[in-house]
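Novice: Have a look at this prediction, sequence included:
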Amino acid sequence: MTLRKTATPPMGWNSWDSYGTTVTEAEVLANAEFMAEHLLPHGWDTIVVDIDWADPTARSHGYNETAPLIIDGFGRLQPDPARFPSSADGGGFAPLAARLHALGLKLGIHVMRGIPRVAVAADVPIAGTDATASQIADPANVCEWNPHYLGLDHAHPGAQAYYDSCVAQYAEWGVDFLKADDMLWPYQVPEIEAYSRAVQRADRDIALSLSPGRDLSAAHLDHLRAHATMWRVCDDVWDRWDDIEPNFARLARWAPLGGPEGWPDADMLPLGRIGLRAERGEPREGALTLAERRALVTLWVMARSPLMIGGDLPTSAPETIALFTNDEVLEILRDSAGNRELLRERDLVVWTAARGDTRWTAVFNTGDEAREVPFDTRSLGLGPAPARVVDVWSGSDVSVEPVHVQSDAARGVAPGSSVVRLALEPHGCVLLRA
């Protein structure tokens, strides 16, 4: 088969922001059923079980140093049957995948690079080879933040065989999406190539997402496009404006490079009911204001970043869920081009995108104070005198005024133009269509 490329950025839900390492099958299914009923009609179709689904001792707020990960006789991870009862008796994630597929959804799972320490300690055989786990492990290349794995020695053919056997099992289960972690910081060329090769050899089309993206350089663009469906361009994003604001600059660099060959990923949307049993914080409806939540979704959409919701869908507030069901906003994600930053001046950032004669412009206020600003419509990429300008989030028309030569010229608005006057909340935005 092939590494699955997608015509538009993937859209789904991920368990990490809500449940950390501890999500259960029942919780996954509750979110899947909510997605199928409320979000699938708007394009959301992927459910991702994040890290440590094989750890029977998983806990909130971190990792267990010597976790007894459940593996099979070839060192391949198996779901914890206490949390995923349908996986008992060797079922793996196949029963869960079947449930999701019946709902019209895709199943994604988190994987780590390398091989579990418990497999190396037991020195299990590698499927299809004469090698054992201790012979293919590389103790010098370990993850800095997760203690459960050793790296692989890719000079040994058994390393590739191990990844091939793991991904073949995921394909047999019916997995559609793999989030492969500890790949990009530092940039792990042999690991990326070996894992991508395993995905391409599997008997199923599978999308491959690479994480995390701290300090990721576009110098790797060709390699990323060749070996992944999407890749993170930042570290984890949580519900703090200080986490979101740096992505304006990152996405300004990366958005023009995204497309069906591969999607730069600005990380999950930490929106909705998060922190239930997660790495950070206690249960909450996110610390971002509604204006900040809308700005977050707008930036990700204008940059055509993949969208993965982090909040527990059934218990999230209706006003948060409404951010995920505005088809006029999501149309930009699916069907726009030329997405780029147009202007950055102190606390004002302007993005633009287009489709045919339609123009979208997002104006962001990254500052801490509200402000009202008149804009020359030409400076926003909307043309000198657009017939109609719409606020995409509300669907209401925005007043377009002819220029007042003396007063507006003093503000830098050129004669012969028209003006829109935008009220911007702190850390807020306005999304326009002309």
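Specialist: Arrived safely.

Novice: Residue 76: neighbour count?
Specialist: With neighbours defined by other C-beta atoms under 10 Å, the count for residue 76 comes to 23. Yep, even glycine has a C-beta here, placed from its N, CA and C like the rest.

Novice: low-scoring stretches of the chain, by residue?
Specialist: Within the chain, the segments meeting pLDDT under 70 span 1, 404-416.

Novice: swap the cut-off to 50 and go again
Specialist: Within the chain, no range satisfies pLDDT under 50.

Novice: quick one: buried residues of the lengthiest helix in the chain?
Specialist: In terms of residue count, the longest helix belonging to the chain (DSSP state H) is helix 157-173. By neighbour count with 16 or more other C-beta atoms under 10 Å, helix 157-173 contains the buried residues 158-171, 173.

Novice: Just the C-alphas of it, formatted as CSV.
Specialist: The C-alpha trace of helix 157-173 is given here as CSV (Å, rounded to 0.1, in the frame of the first residue of the first chain):
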residue,chain,number,x,y,z
PRO,A,157,18.3,-5.2,9.5
GLY,A,158,16.3,-6.4,12.4
ALA,A,159,15.5,-2.8,13.3
GLN,A,160,13.6,-2.3,10.1
ALA,A,161,11.9,-5.7,10.5
TYR,A,162,10.7,-4.7,14.0
TYR,A,163,9.0,-1.5,12.7
ASP,A,164,7.6,-3.5,9.7
SER,A,165,6.1,-6.0,12.1
CYS,A,166,4.6,-3.4,14.4
VAL,A,167,3.0,-1.4,11.6
ALA,A,168,1.8,-4.6,9.9
GLN,A,169,0.0,-5.4,13.2
TYR,A,170,-1.6,-1.9,13.3
ALA,A,171,-2.8,-2.3,9.8
GLU,A,172,-4.3,-5.7,10.6
TRP,A,173,-6.1,-4.0,13.5
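
Novice: Let me see the domain layout of this structure.
Specialist: 11-335, 341-433 (automatic domain parsing).

Novice: Closest one of the buried residues of helix 157-173 to residue 75?
Specialist: Distance to residue 75 across the buried residues of helix 157-173 (C-beta to C-beta) is lowest for residue 162, with 7.0 Å.

Novice: if I look at that closest one, how far off is residue 115?
Specialist: For residue 162, the distance to residue 115 equals 6 Å [C-beta to C-beta, to the nearest Å].

Novice: Overlap of the contact sets of these two?
Specialist: Here residue 162 and residue 115 have 75, 133, 136, 152 as joint contacts, going by C-beta atoms under 8 Å, 6 or more residues apart in numbering.

Novice: Quick one: these as a markdown table, columns for distance to residue 385, neighbour count and secondary structure too.
Specialist: Formatted as a markdown table, those follow (distance: C-beta to C-beta, whole Å; neighbours: other C-beta atoms under 10 Å; DSSP: H, G, I helix; E, B strand; the rest coil):
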| residue | distance to residue 385 | neighbour count | secondary structure |
| --- | --- | --- | --- |
| 75 | 67 | 25 | coil |
| 133 | 69 | 25 | helix |
| 136 | 67 | 28 | helix |
| 152 | 61 | 25 | strand |
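
Novice: Helices of this structure, start to end?
Specialist: Under DSSP H, the chain gives helices at 16-19, 25-34, 94-102, 117-122, 133-136, 157-173, 189-201, 221-227, 241-244, 246-254, 290-302, 318-321, 327-334, 405-409.

Novice: hang on, the earlier thing: want to try JSON lines for the shared contacts of residue 162 and residue 115, with distance to residue 262 as columns?
Specialist: As requested, the shared contacts of residue 162 and residue 115 are exported to JSON lines (distance: C-beta to C-beta, whole Å):
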{"residue": "75", "distance to residue 262": "30"}
{"residue": "133", "distance to residue 262": "32"}
{"residue": "136", "distance to residue 262": "29"}
{"residue": "152", "distance to residue 262": "24"}
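
Novice: for those, which one is nearest residue 7?
Specialist: Of these, the one sitting nearest to residue 7 (C-beta to C-beta) turns out to be residue 152, at 32.7 Å.

Novice: show me the contacts for the closest residue to the closest one other than its chain neighbours.
Specialist: Nearest residue to residue 152, sequence neighbours excluded (C-beta to C-beta, 6 or more residues apart in numbering): residue 159, at 4.0 Å. Contacts for residue 159 (C-beta under 8 Å, 6+ apart) come out as 136, 152, 153, 194.

Novice: can you rerun that using 10 Å?
Specialist: Listed by C-beta atoms under 10 Å, 6 or more residues apart in numbering, the contact set of residue 159 reads 114-115, 126, 129, 131, 135-138, 151-153, 190-191, 194.

Novice: Comparing the domains of the chain, which stretch has the densest surroundings?
Specialist: domain 11-335 (a mean of 20; mean count of other C-beta atoms under 10 Å).

Novice: Residue 297 is in contact with residue 393, correct?
Specialist: Yes. Counting by C-beta atoms under 10 Å, residue 393 touches residue 297, with 9.2 Å between them.

Novice: what touches both of those two?
Specialist: Common neighbours of residue 393 and residue 297 (C-beta under 10 Å, 6+ apart) are 323, 326, 329, 429, 431.

Novice: and the second one, how far is that from residue 394?
Specialist: Read that as residue 326. Residue 326 is 10 Å from residue 394, by C-beta to C-beta.
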